[in-house]
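Asks: 3D, please:
(2 chains)
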2 protein chains.
Amino acid sequence: MDLHIENILNDLQKDDFQAYLLTQFTNVEYISNYKPTSFAFCIIKENPIIYASGMDMELAKRDSSIEIKEYESYEVMVKELKDEGIKNLAIEPTLPYSTYVRFKDDFAIDSKTYIDKQRMIKTPEEIEKISKATEIAQKSFMQLDILNNKSSEKEIAFDLVRYMIQNGADKESFDTIVTSGANSSLPHAVPQAKKLSQPILIDWGAMFEGYCSDNTRTMVYTEYQHEIWDIVAEAHDKAIKAIKPGMKCCEIDKVARDIISDYGYGDNFIHSTGHSLGLDIHETPGFSPKDDTIIEEGMVITVEPGIYFEGDFGVRLEDTISISKKGNVIGDLPLNIQ
Amino acid sequence: MDLHIENILNDLQKDDFQAYLLTQFTNVEYISNYKPTSFAFCIIKENPIIYASGMDMELAKRDSSIEIKEYESYEVMVKELKDEGIKNLAIEPTLPYSTYVRFKDDFAIDSKTYIDKQRMIKTPEEIEKISKATEIAQKSFMQLDILNNKSSEKEIAFDLVRYMIQNGADKESFDTIVTSGANSSLPHAVPQAKKLSQPILIDWGAMFEGYCSDNTRTMVYTEYQHEIWDIVAEAHDKAIKAIKPGMKCCEIDKVARDIISDYGYGDNFIHSTGHSLGLDIHETPGFSPKDDTIIEEGMVITVEPGIYFEGDFGVRLEDTISISKKGNVIGDLPLNIQ
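Replies: Residues are numbered from 1 along each chain as shown, chains lettered A, B, ... in the order given. The predicted structure follows:
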């Protein structure tokens, strides 16, 4: 039996649960290799099973490593579980309320992060895919020749995605951010149909065989922008250097946040220092003030400090870190693009 | 006060609820015009408020028509609601379980579809945006010159998205499907890096000012493929002709399904006949066997019958229907592409 499933079965047993319901597409994909396109109920138990949508049956039977059954109705599913003697059900924290209510009268339910716990620790194959996604994304970024690019933000975002696909990506790993001038103060700005102004902030990633990459570079121009860039770069570099298995995630956030605060810009660092990635672009744990997860080898987490001035400009620098004995930056794109 | 909010307040009052919590990005966008990029808690009550993420504050203050407060913690939010005397809370059905548990001990909770009920009926402005999205998508499709196109599925999908963006789309409204040959039997096939084979099935849409379009065309070649195409076209045309306010959604599904079943292909029609669209590509209600929602003027619902032969080929034809006194097809792209 697959190691992930075995680990989850052990977790279930420890907590006296008999089954674990997963519906999030990337969770089902992680467990079975079948990525739902409509809906699916993956139930991990002694004999794991996926109830797939009729329209997904061909795909599910082709790709899934675990048994597939066609979904008929909640009633049938609940009955089959009860017939097996299942009395309680662990669910994923993201399960929609409307699905929860379909099960709550027939089973004792609690949400568990067994699957997140597994997904936190990447296998060498997963790290290889994230590295390949990063390689594609960074190579594509260099093809943009951003400093001499006369296109609009929207066109550049589009060209970047085109290069990534030409270089072997499945697609972009999230909506590509190409922003410049005042809009760069919005961490998740949408590219506009206007020529680039200054500074230029690009936050982009490729997806390769289902796995995401994530990077940000900011190209600055004025003396003040350079000053801010240097502070963000210092926070970026020192946070990465600080990463060590055994520390808490919030301690890495503190390294970056303290540096930015010491320069007087604490209030302008308006998000966490980083997030895990994998099949999803945002996974747990994250380098955030409230996350006391212990850092372990095999985690892959971004470091992306930023300083933002409302209506003026923003600077963010982001790399993705593969954690072994220390934090190793994935990819080789310089921080300073000149 | 905004009409949508007023309607929801009336619904709340009728059901003896004091507040309605929305977190789904398109729900928050629908109510406030602010589209969250991180997370947000929109609470509709006498004095509606949105608790926005710190990183979204600039955007939220810029775009939102209702009051914005920076999110601090669940505890603060719960306390402020209780201080206002709020004792019960309606939630959206899609609310994640992990959010539900943050509120369940302090409020009487039930899920309500007040927001879906509003979003079902599109305003003329919303229909205008869906129509514009459709116009962009259909014009872009014609630019592909699909019958003489020698590119790979993946390249064609990419070209289609590029044309849509060049023609004014925000982006594609969902992952563009360009599939051909045996893969066309997978309703949600992923474009491959291989030249087109036959038949060719393209399912695509543009997003314009946040609103989605959705169409499918299948180009067939053999006599048997033509025979199947004719049946799907008959189901498509007759289902559209049957649409009338006052009927139930499932009755339209039955029109399409009966035609396909009468020809002996009932088991090969493996999904619903259609779904609503708007800010999301899949909204309620849908033309599905189990949906007994009454069809009303202002709804916008797709009609997309299909017949699929596992490992062989599939045919699907899809248009988006704006419902007034009858069902009006949005756009003017011929069903038969020659």
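
Asks: what about residue A:197, which helix or strand?
Replies: Element membership of residue A:197, judged by DSSP states H and E, is empty: it is in no helix or strand.

Asks: for residue A:321, that is, sorry about that
Replies: strand A:319-323.

Asks: and if you look at residue A:129?
Replies: helix A:124-143.

Asks: and that helix, is it in reach of chain B?
Replies: No. Applying Cβ under 8 Å from any Cβ of the partner chain, one finds helix A:124-143 out of contact with chain B, separated by at least 13.4 Å. Glycine gets a C-beta too; all of them are placed from N, C-alpha and C.

Asks: after that helix comes which helix or strand?
Replies: Counting by DSSP H and E, what follows helix A:124-143 is helix A:153-166.

Asks: Can you name every helix or strand that the strand holding residue A:321 contacts?
Replies: If you count contacts as 3 or more Cβ pairs under 8 Å, 6 or more residues apart in numbering or on different chains; DSSP states H and E, strand A:319-323 packs onto helix A:124-143, helix A:223-242, strand A:300-303, strand A:327-329.

Asks: How about the residues of the stretch 101-250 of chain A by chain B?
Replies: Counting by Cβ under 8 Å from any Cβ, the stretch 101-250 of chain A sits next to chain B at A:101, A:111, A:154, A:158, A:162, A:165, A:170-171, A:175, A:185-188, A:190.

Asks: Neighbours of the residue nearest to residue A:68 when sequence neighbours are not counted, how many?
Replies: Excluding its sequence neighbours, the residue lying closest to residue A:68 (Cβ to Cβ, 6 or more residues apart in numbering or on different chains) is residue A:60, at 4.5 Å. Using other Cβ atoms under 10 Å in any protein chain shown as the criterion, residue A:60 is surrounded by 26 other residues.

Asks: State the three-state secondary structure for residue A:60.
Replies: When classified by DSSP: H, G, I helix; E, B strand; the rest coil, residue A:60 comes out as helix.

Asks: cool, and the one 5 residues further on?
Replies: Of the three states, residue A:65 takes coil according to three-state DSSP.

Asks: Give the burial count for it, as a bare number.
Replies: Counted with other Cβ under 10 Å, residue A:65 comes out at 13.

Asks: can you check residue A:98 too?
Replies: 14.

Asks: Without its sequence neighbours, what residue ends up closest to it?
Replies: Sequence neighbours aside, residue B:93 is the residue nearest to residue A:98 in space, at 3.6 Å (criterion: Cβ to Cβ, 6+ apart).

Asks: ok, so what distance separates the one you found from residue A:25?
Replies: Here residue B:93 is placed at a distance of 18 Å from residue A:25 (Cβ to Cβ, to the nearest Å).

Asks: So the residue of chain A most remote from its centre versus residue A:77, what's the distance?
Replies: Most distant residue from the mean C-alpha position of chain A: residue A:83, 37.7 Å away (Cα atoms, centre = their mean). Distance, residue A:83 to residue A:77, by Cβ to Cβ: 11 Å.

Asks: Just say helix, strand or coil for the residue nearest to residue A:98.
Replies: Here residue B:93 is recorded as coil under three-state DSSP.

Asks: Wait, it touches residue A:95, no?
Replies: No. Applying Cβ atoms under 8 Å as the test, residue B:93 and residue A:95 come out as separate, 11.6 Å apart.

Asks: Looking at these two, which is more packed in?
Replies: Each of residue B:93 and residue A:95 has its neighbours counted (other Cβ under 10 Å); residue A:95 has more, 21 against 17.

Asks: For the more buried one, give me the pLDDT.
Replies: Residue A:95 carries a pLDDT value of 98.

Asks: Quick check: closest non-adjacent residue to it.
Replies: Leaving out its chain neighbours, the residue that sits closest to residue A:95 by Cβ to Cβ, 6+ apart is residue B:97, at 4.6 Å.

Asks: Residues in contact with stretch A:254-270: which ones?
Replies: A:187, A:228, A:231-232, A:234-236, A:238-239, A:242, A:273, A:287, A:289, A:303, A:305-309, B:54-55, B:57 (Cβ atoms under 8 Å, 6 or more residues apart in numbering or on different chains).

Asks: Please pick the buried ones from the residues you listed.
Replies: A:187, A:228, A:231-232, A:234-236, A:238-239, A:242, A:273, A:287, A:303, A:305-309, B:54-55, B:57 (16 or more other Cβ atoms under 10 Å in any protein chain shown).

Asks: Run a quick neighbour tally on residue A:99.
Replies: 18.

Asks: is it true that it touches residue A:39?
Replies: No. Using Cβ under 8 Å, residue A:99 makes no contact with residue A:39, being 9.3 Å away.

Asks: between the two, what contacts are shared?
Replies: residue A:23.
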